[in-house]
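> mind folding the following:
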Amino acid sequence: MSHPTRETINVASEQAGQRLDRVLAASTNLSRTRLKALILDGAVAIGARTIRDPGYRVNAGEIAVVEVPPPEPAAPEGERIPLNIVHEDNEIIVIEKPAGLVVHPAAGHATGTLVNALIAHCGDSLSGIGGVKRPGIVHRLDKDTTGLMVVAKTDRAHQALAAQFADHGRSGPLRRGYLAFVWGAPERPKGTIEAAIDRHPSSRDKMAVRANGRPAITHWQVLERYQGKDGKPVASLLACRLETGRTHQIRVHLAHIGHPLLGDAVYGTGFKTKVTRLTPPARDALENLGRQALHAYLLTIQHPVTGQPLEFRSQLPGDLARLQHSLAAG
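Numbering: from 1, shown residues only. Predicted coordinates:
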């Protein structure tokens with residue numbers, strides 16, 4: 001079994017005041033991009049302190065220690081994981097992703113991902129443009145978000161689909177629609193959230209609305225409002241449409257306007273006490289859900305070869321259908 005290697009760097013006097021990632025890049029064989037990732041992952045220490053800021057200004061005489069994890073296998077292997085296939089042809093495959101399925105291999109999820117399932121299903125026909133860890137992947141859904149995804153089976157399909165997602169539907173038919181069960185009831189029937197998103201300043205696994213982040217736009221519309229056991233509004237069902245595709249975008253944006261997703265353990269922690277306002281059936285359905293209440297129900301693309309618009313719709317999965325029914329019953 002491979003073990004991490006350790007790099008030890010002594011900060012020279014002429015390096016004092018420079019950024020940590022620059023100093024490490026000048027003193028190791030690792031790229032600055034790789035070092036930034038290691039720093040953010042907590043793999044760099046100075047003295048007894050773990051430094052998570054790539055821009056940390058070093059002092060002369062400090063000793064930085066970098067723990068470099070062993071290389072992972074070059075390419076994921078195929079695994080016979082069942083796929084719910086909505087559409088498939090020689091160029092693309094559209095699937096309904098279940099809750100709990102990670103899209104591609106990453107730290108902590110080397111196997112058992114959608115990519116492993118796709119490799120087993122598609123074999124050598126899967127597009128390689130996304131790299132060995134992300135073959136065919138042109139967009140993603142969070143591990144616990146369910147719904148529709150399209151994957152490229154050929155390189156030409158990958159290039160065409162990637163261009164559509166980069167264009168965000170401005171000049172083509174691309175549309176991505178989500179059903180989101182949220183806490184509270186927005187006063188307006190619909191609205192738009194335009195707030196830049198970037199990494200959370202202190203929590204590596206979270207995103208946050210940040211002034212200097214990447215532009216992000218989410219459109220929302222209220223479909224249903226639900227009453228709690230006190231007869232007052234406690235939750236709502238929103239239809240959301242993405243105009244951009246940032247990590248955790250809907251989850252971050254809805255929390256930002258005060259209506260986080262039901263069941264969101266990352267962005268909805270401040271709303272745990274609202275559970276007591278739910279009726280017993282709704283509370284049971286939410287507790288059994290065990291994930292954020294978000295489903296990608298609509299995907300419209302232009303076929304990468306024929307140019308034909310293709311629209312796919314997905315019904316709520318069983319756990320969210322039960323949640324909807326229990327909330328609607330009041």
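
> where exactly do the helices run in the stretch 101-250 of the chain?
Along the stretch 101-250 of the chain, the segments classed as helices by DSSP state H, counting those that start in this stretch run 114-122, 155-167, 249-256.

> please identify the most buried of these.
Most buried of the helices of the stretch 101-250 of the chain, by mean neighbour count (mean count of other CB atoms under 10 Å): helix 249-256, with a mean of 24. In short, each C-beta sits where N, CA and C put it, glycine included.

> so what sits opposite the closest residue to His256 other than its chain neighbours in the bridge?
Spatial nearest neighbour of His256, excluding adjacent residues (CB to CB, 6 or more residues apart in numbering): Val209 at 5.0 Å. Note on Val209: beta-bridge partners Ile197, judged by DSSP bridges.

> and Val209, what pLDDT?
pLDDT, Val209: 96.

> ok, it - how many residues close by?
Neighbours of Val209 under the rule other CB atoms under 10 Å: 17.

> ok, it to His253 distance?
Distance, Val209 to His253, by CB to CB, to the nearest Å: 8 Å.

> so what sits against both of those two?
Ala195, Ile197 (CB atoms under 8 Å, 6 or more residues apart in numbering).

> could you dump the helices of the stretch 101-250 of the chain into TSV and include distance to Asp205 and mean pLDDT?
Output for the helices of the stretch 101-250 of the chain, formatted as TSV (distance: least, CB to CB, whole Å; pLDDT from 0 to 100):
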stretch	distance to Asp205	mean pLDDT
helix 114-122	20	92
helix 155-167	24	92
helix 249-256	12	98
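
> is it possible to get a markdown table of these that adds distance to Asn90?
Shown next, in a markdown table, are the helices of the stretch 101-250 of the chain (distance: least, CB to CB, whole Å):
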| stretch | distance to Asn90 |
| --- | --- |
| helix 114-122 | 11 |
| helix 155-167 | 9 |
| helix 249-256 | 32 |
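
> of those, which is nearest Leu299?
Proximity to Leu299 (CB to CB) singles out helix 155-167 among the helices of the stretch 101-250 of the chain, at 10.9 Å.

> quick one: distance of the closest one to the chain centre.
Centroid displacement of helix 155-167 relative to its chain, using CA atoms, centre = their mean, to the nearest Å, is 19 Å.

> kindly report the same for stretch 123-143.
Put simply, stretch 123-143 sits 15 Å off its chain's centre (CA atoms, centre = their mean).

> can you pull the buried residues of that stretch?
Within stretch 123-143, the residues scored as buried using 16 or more other CB atoms under 10 Å are 126-127, 129-130, 133-143.

> likewise for stretch 293-310?
For stretch 293-310, burial by neighbour count (16+ other CB under 10 Å) applies to 293-304, 310.

> kindly report the same for stretch 4-24.
Of the residues in stretch 4-24, those with enough neighbours to count as buried (16+ other CB under 10 Å) are Glu7, Ile9, Val11, Gln15, Arg19, Leu20, Asp21, Val23, Leu24.

> and it, how far apart are its ends?
17 Å (CA to CA, to the nearest Å).

> go on, stretch 195-213?
End-to-end for stretch 195-213, by CA to CA: 9 Å.

> neighbouring contacts of it?
For stretch 195-213, contacts defined as CB under 8 Å, 6+ apart pick out 40-42, 52, 214-216, 246-249, 252-253, 256, 266-267.

> so where do the strands sit in the stretch 201-330 of the chain?
207-209, 217-227, 233-242, 294-302, 309-313 (DSSP state E, counting those that start in this stretch).
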